[in-house]
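Peer 1: Structure of the sequence below:
(chains A, B and C)
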Amino acid sequence: MTLLMALDYASVAVFALTGALVASRSQLDLVGFIFVACLTAVGGGTIRDLLLNRDLVFWVADPAILLAAVCAAVVVFFGAHLLESRYRAIVWLDAFALAIAVPAGAGVAMGLGHHWAIVLVMGVATGCFGGLMRDVVCNEVPLVLKQGELYATAAFAGAGAAVMTSLLTDDGMLALLACAGVTFVLRAGSIAFNWRLPVYRARPPRPERPKQG
Amino acid sequence: MTLLMALDYASVAVFALTGALVASRSQLDLVGFIFVACLTAVGGGTIRDLLLNRDLVFWVADPAILLAAVCAAVVVFFGAHLLESRYRAIVWLDAFALAIAVPAGAGVAMGLGHHWAIVLVMGVATGCFGGLMRDVVCNEVPLVLKQGELYATAAFAGAGAAVMTSLLTDDGMLALLACAGVTFVLRAGSIAFNWRLPVYRARPPRPERPKQG
Amino acid sequence: MTLLMALDYASVAVFALTGALVASRSQLDLVGFIFVACLTAVGGGTIRDLLLNRDLVFWVADPAILLAAVCAAVVVFFGAHLLESRYRAIVWLDAFALAIAVPAGAGVAMGLGHHWAIVLVMGVATGCFGGLMRDVVCNEVPLVLKQGELYATAAFAGAGAAVMTSLLTDDGMLALLACAGVTFVLRAGSIAFNWRLPVYRARPPRPERPKQG
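Peer 2: Presented below is the predicted three-dimensional model:
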């Protein structure tokens, strides 16, 4: 339980950094930074808690968690100009946050005794929806749908690793570690070494000229 | 009850096909197909279940339903290149899915004994929100807001037919059939024969030239 | 309680007007107007009620509230051409709606005895999310993220005023009045007199020419 709360705190803080960095690309003011940071930070976990019908959404039960998001937003507002490339920082921090949020989601679903398919979905949803809301609201191309990158795939594989490990070893802690590791390695490999799955390609469009016999 | 679950299964499968086809237009990989297909497939019903505060969202209660969405995504990933026009397939499959999802939403609300206005809203929300999420996330123009097409209107009329039929005959089965029929006929008529309601038109903008006497 | 319900009614009606005006800019039909008006009108309060895990979302408990949104949509459909500038009307009506919805959100959270940080968040969320959904769905730049305007800031300050007043005076009514007043004054000042907070500015990009010694 304590481990799961620590995961929630950590993913909130790191996702908040990415949210604030996206806000800096839209040149918002400090409150705008805090708004986008909080949305990104708690978005995925909130959807998880609503879907699982938990009594209280995690940050309503423990409002101190919002402080982490606010601090991250303030740090970015005053410090982001020190970064060489904000886009690079967003992508890498987002990878860390993903690797923390997926086990946070899968762990909560496992703790509640849900079916393994629900554990998978909660891992992916907790990992992906915060960043998805950030990108939809700020009108960026969602990272989760960037063509030919492993993102949902990394989350999916990580949540799958959690399910497999907990089936084989019955050790919840190890399952969460495996989940974080697999998620991060796949996502980082995709960013750094361009790892990818084959994408869908339609047939090439027929030439537009009319048939000339 | 069994009928309503069958409707949920069917609308999940058909909406998943449309989601995967939209994913194919964005050239995602297989996991991206599954992600968008699941979002589209369960989006509307999930919002219905959250709004009605049901104990468990329908696919958390019965995870096998997700398998239908995953299969649909796989079929599209390997089969979509056989289609003559993917856009045409999206629009028509979406019409079928709408005509299944609206009665699924209205039926659940009726079964819980809600006010007729809530039955209307749940029919429209269950029908429209899956496709709306799909289009917002994939940055397509939402079908529900395509200028001058009957979409929300078809859902609204279908849900209205369900309410009227159940008031007049007290036959829940007939109400769902009427709902599906009215929804599909209106939506299909809009696609095939260009049926539409008058749209709002502002006064023509005044000419931009300065007044010259 | 009655005051809070009156606030919900009022914010629904005014937000519905803004939703219908945005629909008019997209040239939708009457049902499209009603769809966007309802989404805008009940969006923020619905998210508040889901997050606070209230037994019933406010408009499911009292469907008559939807009638206010429908009427607003009809009025705009037939009357919007009388407006000199629809954009101006949207911005000002949205300011009024914000100043009603923030106390509606903060008041509900205070009434349930939540932590002050949750009262703040619920005020901001109830105020901002209806308009945010409207703008995301209709593909407008979200007002809440317009560069250099006070919007989330106004909501935040208003909710803060509610928290402070209720701590100092223990008078719930006064707290809601202070909340509405602060929110409206800040938002109106931003629209009319261009009040703003400093925005984030990155270092100017380095010149793109290659170094020439």
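Peer 1: where do the helices sit along chain A?
Peer 2: A:2-25, A:30-51, A:58-61, A:64-79, A:86-111, A:116-137, A:152-169, A:172-193 (DSSP state H).
Peer 1: between the ones you listed, which gets nearest to B:L82?
Peer 2: For B:L82, the closest of these is helix A:152-169, at 25.0 Å, according to C-beta to C-beta. To be clear about C-beta, it is placed using only N, CA and C from the backbone, and glycine gets the same treatment.
Peer 1: Pull out the buried residues from that closest one.
Peer 2: Using 16 or more other C-beta atoms under 10 Å in any protein chain shown as the test for burial, helix A:152-169 gives A:152-163, A:165-166.
Peer 1: show me what contacts A:R25?
Peer 2: Neighbour list for A:R25: A:86-87, A:138, A:140 [criterion: C-beta atoms under 8 Å, 6 or more residues apart in numbering or on different chains].
Peer 1: Could you give the separation of stretch A:77-91 from the chain centroid?
Peer 2: Relative to its chain's centre, stretch A:77-91 lies at 18 Å (C-alpha atoms, centre = their mean, to the nearest Å).
Peer 1: Start and end of that stretch, how far apart?
Peer 2: Distance across stretch A:77-91, first residue to last, is 18 Å (C-alpha to C-alpha, to the nearest Å).
Peer 1: Same check on stretch A:20-40?
Peer 2: By C-alpha to C-alpha, the extent of stretch A:20-40 from end to end equals 9 Å.
Peer 1: buried residues in it?
Peer 2: By 16+ other C-beta under 10 Å, the buried positions in stretch A:20-40 come out as A:20-24, A:26, A:28-40.
Peer 1: one step back: nearest to C:A64, of the contacts of A:R25?
Peer 2: Distance to C:A64 across the contacts of A:R25 (C-beta to C-beta) is lowest for A:C138, with 36.5 Å.
Peer 1: and the gap between that closest one and B:T126?
Peer 2: 29 Å (C-beta to C-beta, to the nearest Å).
Peer 1: who has more neighbours, those two?
Peer 2: Comparing A:C138 with B:T126 by other C-beta atoms under 10 Å in any protein chain shown, the one with more neighbours is B:T126, at 33 against 19.
Peer 1: How about that one: what's its closest non-neighbour residue?
Peer 2: The shortest distance from B:T126 to any residue other than its chain neighbours is 2.6 Å, reached at B:G105 (C-beta to C-beta, 6 or more residues apart in numbering or on different chains).
Peer 1: Number of residues surrounding that neighbour?
Peer 2: Residues lying near B:G105 (other C-beta under 10 Å) number 37.
Peer 1: try A:L145
Peer 2: As a burial measure, A:L145 scores 22 neighbours (other C-beta under 10 Å).
Peer 1: Confirm for me that it is in contact with B:Q27.
Peer 2: No - using C-beta atoms under 8 Å, A:L145 is not in contact with B:Q27; the gap is 10.0 Å.
Peer 1: hmm, back to that, quick one: least confident of the contacts of A:R25?
Peer 2: Within the contacts of A:R25, A:E140 has the lowest pLDDT, namely 83.
Peer 1: who's in contact with it?
Peer 2: Applying C-beta under 8 Å, 6+ apart to A:E140 gives the contacts A:22, A:25, A:134.
Peer 1: ok, these vs A:L66, which is closest?
Peer 2: Comparing the contacts of A:E140 against A:L66 with C-beta to C-beta places A:R134 closest, at 16.1 Å.
Peer 1: Skipping adjacent residues, who's closest to that closest one in space?
Peer 2: Spatial nearest neighbour of A:R134, excluding adjacent residues (C-beta to C-beta, 6+ apart): A:T40 at 4.0 Å.
Peer 1: Look at the closest residue to A:R86 other than its chain neighbours and report its pLDDT.
Peer 2: Leaving aside its sequence neighbours, A:R86 sits nearest to A:L21 (C-beta to C-beta, 6+ apart; 5.3 Å). Looking at A:L21, its pLDDT is 92.
Peer 1: thought A:L21 was touching A:A89?
Peer 2: Yes - counting by C-beta under 8 Å, A:L21 touches A:A89, with 5.9 Å between them.
Peer 1: A:I34 is in contact with A:A69, isn't it?
Peer 2: Yes - counting by C-beta under 8 Å, A:A69 is a contact partner of A:I34 at 7.4 Å.
Peer 1: filter the buried residues of helix A:152-169 by proximity to chain B?
Peer 2: Contacts with chain B within these, counted by C-beta under 8 Å from any C-beta of the partner chain: A:152-153, A:156.
Peer 1: Can you give me the buried ones in the lowest-mean-pLDDT helix or strand in chain A?
Peer 2: When the helices and strands of chain A are scored by mean pLDDT, DSSP states H and E, helix A:2-25 comes last with a mean of 90. If you call a residue buried by 16+ other C-beta under 10 Å, then helix A:2-25 has these buried ones: A:4, A:7-24.
Peer 1: How about stretch A:111-124?
Peer 2: Residues of stretch A:111-124 classed as buried by neighbour count (16+ other C-beta under 10 Å): A:114-124.
Peer 1: so how far is chain B from A:T169?
Peer 2: Using C-beta to the nearest C-beta, to the nearest Å, A:T169 is found at 23 Å from chain B.
Peer 1: Nearest spatial neighbour of A:V42, chain-adjacent residues omitted?
Peer 2: Distances taken as C-beta to C-beta, 6+ apart place A:W59 nearest to A:V42, at 5.1 Å, with adjacent residues excluded.
Peer 1: ignore the last one, A:V91
Peer 2: Leaving aside its sequence neighbours, A:V91 is closest to A:I191 (5.9 Å, by C-beta to C-beta, 6+ apart).
Peer 1: pretty sure the one you found contacts A:L93?
Peer 2: No - contact status for A:I191 versus A:L93: not in contact, 11.3 Å apart, counting by C-beta under 8 Å.
Peer 1: out of these two, which sits in the more crowded spot?
Peer 2: Higher neighbour count among A:I191 and A:L93: A:L93, with 21 against 16, using other C-beta under 10 Å.
Peer 1: Could you tell me how far the more buried one is located from A:M133?
Peer 2: Look at A:L93 and A:M133: by C-beta to C-beta, they are 16 Å apart.
Peer 1: got it, and A:R54?
Peer 2: From A:R54 to A:M133 the distance is 19 Å (C-beta to C-beta).
Peer 1: any weak-confidence spans in chain A?
Peer 2: A:1, A:202-213 (pLDDT under 70).
Peer 1: interface residues of it facing chain B?
Peer 2: A:50-53, A:114-115, A:117-118, A:121, A:124, A:128, A:132, A:136, A:141-142, A:144-145, A:147-148, A:150, A:152-153, A:156, A:196-203.
Peer 1: For C:H81, which of the helices of chain A is the nearest?
Peer 2: Nearest to C:H81 among the helices of chain A is helix A:116-137 (31.5 Å), distances taken as C-beta to C-beta.
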